[in-house]
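Engineer: whatever this is, show me its structure:
(2 chains)
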2 protein chains.
Amino acid sequence: MDITMIEAAAARLAGHARRTPLLSSPFLDAVAGRRVLVKPECLQHTGSFKFRGAWSALTALPAGTRGVIAFSSGNHAQGVAHAARRLGLAAVIVMPSDAPALKIDNTRAFGAEVVLYDRVEESREEIGARIAAERGLVLVKPYDEPQVIAGQGTIGLEIAEDCARLGIAAADVLVPCGGGGMTAGIALALQARAPGLRVRPCEPEGFDDAARSLVAGRRVANAQAAGSICDAIVTAMPGELTFPVMARLCGPGIAVSDDEALAAMRAAALRLKILAEPGGAVALAAALSHPVAFEPDRPVIAVVSGGNADPAMIARALAG
Amino acid sequence: MDITMIEAAAARLAGHARRTPLLSSPFLDAVAGRRVLVKPECLQHTGSFKFRGAWSALTALPAGTRGVIAFSSGNHAQGVAHAARRLGLAAVIVMPSDAPALKIDNTRAFGAEVVLYDRVEESREEIGARIAAERGLVLVKPYDEPQVIAGQGTIGLEIAEDCARLGIAAADVLVPCGGGGMTAGIALALQARAPGLRVRPCEPEGFDDAARSLVAGRRVANAQAAGSICDAIVTAMPGELTFPVMARLCGPGIAVSDDEALAAMRAAALRLKILAEPGGAVALAAALSHPVAFEPDRPVIAVVSGGNADPAMIARALAG
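Structural biologist: Residues are numbered from 1 along each chain as shown, chains lettered A, B, ... in the order given. Now for the predicted structure:
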């Protein structure tokens, strides 16, 4: 994985993924005590950055590929489903039967065949391997896949380009971090195109495996597997491919509380007029609630990675 | 007012106003029964398109201008205040003392001096004229002002450019219409740059002065002055400058109910991840709820003109 792969992914995404802007508000700057720029990937197709990696991966498949299969209960599912439909590929998404009905419905509406499994009784890997073999489908992993990392890295190319235009040569780039595909991709892009910009992974408290892995110098897992409202970015540990990139290029991680994520969702809604989901808001939460994590007067760019929250969660955030 | 003025305004706005994208969702297309593209001016600085007209007007003032004054309880206030601060001009905004506290606070936070008046006991025109004379300030009208219309017209230039790229040569462009500054500006821009695109003004039921004026061939007023949740676009009648442009260039108006506006706010939030205010959502409401108003299979471009709704109104829309 290098800048050449990311540039190639950007060429394949051109005219298909949305080129998101950088948003700002003097109100957010005042709260953070520094300049805050927001990269709203919630405005991306399917409501999250995952469409970039899915499109990148699917357009890099060998000619003659029949279709793809993915495991996901959320944003990766929708990204793969939408990209597959637009490319005329079959898509099977293996989802837990207790996934939110809305996410199952959306994935079907994007044209995918959804196969439900019982989290307790069944293995999604076995189900997926069987279907893939029967139908000749290719597995698209959510983050530990070079072409997915390259696709997410196109966010970094856009940040580098916009910061050059704005005259920003040094800043922290705050990235919501699950398995680390977006974190690693952006870090690789910035290393090549804006080396004064440093990526900082942001996670929920109690699920800060990336931050602790960076401190430990090796991949360490979370003690718990569930229990955060930031479901979109809860993973067991950083990826095998993503962690070495993060260890080489990223600054210290930052962990935020659920209440800080909700406050960031509210600020994004009222000040920027964008909807974030809790996991998508953790980087903005770090910018607004953890000022001591940053050097004085250094601007921050916060990626809002997704907006697929249900109405009840949005209402909870707005209630403040 | 002509395309030359709009192009000149676009040159002055370049690098200062946000270049908003066109958003879409297969879910909205399915509801509307046609292709729907959304121009999210809620993402503009200060949360509404009004910043464009304000910046255009303030950058066209003669050298040596001390400052500006405006009457507004809402989006024009914030647009003028923010543009004035960034240009180093003094700004006085005359606001009713019963305006929402949030809007008064925001206008002050954008750096303007707010002068409150009593709607019942005092005349805002007299107060404004006195302050303007005492301090040498220039009045910036909200819509019946050529440079404001030219600034709003830059939205039309962007729509024309994006539709050319997408291969859309014929479509209806749905515009939330108050006094008609944005409606007239976009219509002038499209006449010159995309003549197959036709503007349709959209208004709340009971406040459809533009639609009825277009039918009557002369400016007619609304029977009532208040009572819609779409406060941002409730005006007594179309402007003196804006109506002749609308009469010459725009197709029939469309009126939507409050419930339709709320449903469009919900759809914008859940499907596009953007926040609209009720008045800002009337064009999207027309697209989603009034299919018979349009020719079959003809795409529509709906401008979401602003997103400055308070949390209670957003919660009401999300509750569905």
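Engineer: phi first, then psi, for the closest residue to residue A:258 other than its chain neighbours.
Structural biologist: Nearest non-adjacent residue to residue A:258, counting by Cβ to Cβ, 6 or more residues apart in numbering or on different chains: residue A:229, 5.1 Å away. To be clear about C-beta, it is placed using only N, CA and C from the backbone, and glycine gets the same treatment. Note on residue A:229: backbone dihedrals following degrees, to the nearest 10 are phi -70, psi -10.
Engineer: strands along chain A, start to end?
Structural biologist: Using DSSP state E, the strands assigned to chain A run over residues A:36-40, A:67-71, A:90-96, A:113-117, A:137-139, A:171-176, A:197-204, A:254-256, A:300-304.
Engineer: which one of those strands lies closest to chain B?
Structural biologist: Judged by Cβ to the nearest Cβ, the one of the strands of chain A that comes nearest to chain B is strand A:36-40, at 7.7 Å.
Engineer: and that closest one, what does it pack onto?
Structural biologist: With contacts taken as 3 or more Cβ pairs under 8 Å, 6 or more residues apart in numbering or on different chains; DSSP states H and E, strand A:36-40 sits against helix A:26-32, helix A:146-166, helix A:282-289, strand A:300-304.
Engineer: so what's residue A:200 scoring on pLDDT?
Structural biologist: You'll see residue A:200 listed with a pLDDT of 98.
Engineer: same question for residue A:221.
Structural biologist: For residue A:221, pLDDT reads 94.
Engineer: show me the contacts for it.
Structural biologist: Contact partners of residue A:221, counting by Cβ atoms under 8 Å, 6 or more residues apart in numbering or on different chains, are A:209, A:236, A:237.
Engineer: any residues of the stretch 1-150 of chain A in contact with chain B? List them.
Structural biologist: Applying Cβ under 8 Å from any Cβ of the partner chain, we find that the stretch 1-150 of chain A lies next to chain B at A:18-21, A:23, A:26-27, A:30, A:40, A:42-43, A:47, A:82, A:106, A:109-110.
Engineer: among these, which pair sits farthest apart?
Structural biologist: A:30 and A:109 (40.3 Å; Cβ to Cβ).
Engineer: from residue B:291, how far out is the residue of the stretch 101-250 of chain A found nearest chain B?
Structural biologist: Per Cβ to the nearest Cβ, residue A:109 is where the stretch 101-250 of chain A lies closest to chain B, at 6.6 Å. Remark: distance between residue A:109 and residue B:291 (Cβ to Cβ, to the nearest Å) = 20 Å.
Engineer: looking at the strands of chain A, which is nearest to residue B:61?
Structural biologist: strand A:36-40 (29.5 Å).
Engineer: pick out the residue of the stretch 151-300 of chain A closest to chain B.
Structural biologist: For the stretch 151-300 of chain A, the residue closest to chain B is residue A:273, as judged by Cβ to the nearest Cβ, at 3.5 Å.
Engineer: before we move on, the earlier item: of residue A:30 and residue A:109, who's got more company?
Structural biologist: Neighbour totals were compared for residue A:30 and residue A:109, and residue A:109 leads with 15 against 11 (other Cβ atoms under 10 Å in any protein chain shown).
Engineer: quick check: closest non-adjacent residue to the more buried one.
Structural biologist: Nearest one to residue A:109, counting by Cβ to Cβ, 6+ apart, is residue B:27 at 6.6 Å.
Engineer: check contacts around that neighbour.
Structural biologist: A:106, A:109, B:267, B:271.
Engineer: among the residues you listed, which lie within helices?
Structural biologist: Using DSSP state H, the subset of those located in helices is A:106, A:109, B:267.
Engineer: enumerate every residue touching the second one.
Structural biologist: Think residue A:109. So residue A:109 contacts B:26, B:27, B:30 (Cβ under 8 Å, 6+ apart).
Engineer: which residues touch the last one?
Structural biologist: Taking Cβ under 8 Å, 6+ apart, we find residue B:30 in contact with residue A:109.
Engineer: give me the pLDDT value at it.
Structural biologist: Residue B:30 is assigned 94 on the pLDDT scale.
Engineer: what about it, distance to residue B:288?
Structural biologist: 10 Å.
Engineer: swap in the first one?
Structural biologist: For residue B:26, the distance to residue B:288 equals 14 Å [Cβ to Cβ].
Engineer: need the pLDDT of residue A:298.
Structural biologist: At residue A:298, pLDDT is 96.
Engineer: for chain A, which helix or strand comes out least confident on mean pLDDT?
Structural biologist: Taking mean pLDDT, DSSP states H and E as the measure, helix A:101-109 is the helix or strand of chain A with the lowest mean score, a mean of 85.
Engineer: report the distance from it to the chain centre.
Structural biologist: Average the C-alpha atoms of helix A:101-109, do the same for its chain, and the two points are 19 Å apart (Cα atoms, centre = their mean, to the nearest Å).
Engineer: can you check stretch A:160-173 too?
Structural biologist: Centroid displacement of stretch A:160-173 relative to its chain, using Cα atoms, centre = their mean, is 20 Å.
Engineer: just give me the neighbour total for residue A:129.
Structural biologist: 13.
Engineer: next, count neighbours for residue A:206.
Structural biologist: 16.
Engineer: how does chain A divide into domains?
Structural biologist: For chain A, automatic domain parsing gives the domain ranges A:3-48+A:145-319, A:50-139.
Engineer: so how far is residue B:82 from residue A:229?
Structural biologist: 34 Å.
Engineer: same question, residue A:161
Structural biologist: 25 Å.
Engineer: now residue A:316: closest residue in space that isn't a chain neighbour?
Structural biologist: residue A:262 (6.6 Å).
Engineer: so what's the one you found up against?
Structural biologist: Counting by Cβ under 8 Å, 6+ apart, residue A:262 touches A:229, A:278, A:281, A:316, A:317.
Engineer: so for it, what pLDDT did the model give?
Structural biologist: On the pLDDT scale, residue A:262 gets 98.
Engineer: try the one 10 residues further on
Structural biologist: The predicted local confidence for residue A:272 comes out at a pLDDT of 97.
Engineer: what count of nearby residues applies to it?
Structural biologist: Residues near residue A:272, counting by other Cβ under 10 Å: 26.
Engineer: contacts only, for residue A:50.
Structural biologist: A:75, A:76, A:78, A:79, A:80, A:142, A:306.
Engineer: biggest separation within those, which pair?
Structural biologist: Using Cβ to Cβ, the contacts of residue A:50 reach their maximum pairwise distance at A:80 and A:306, which is 14.4 Å.
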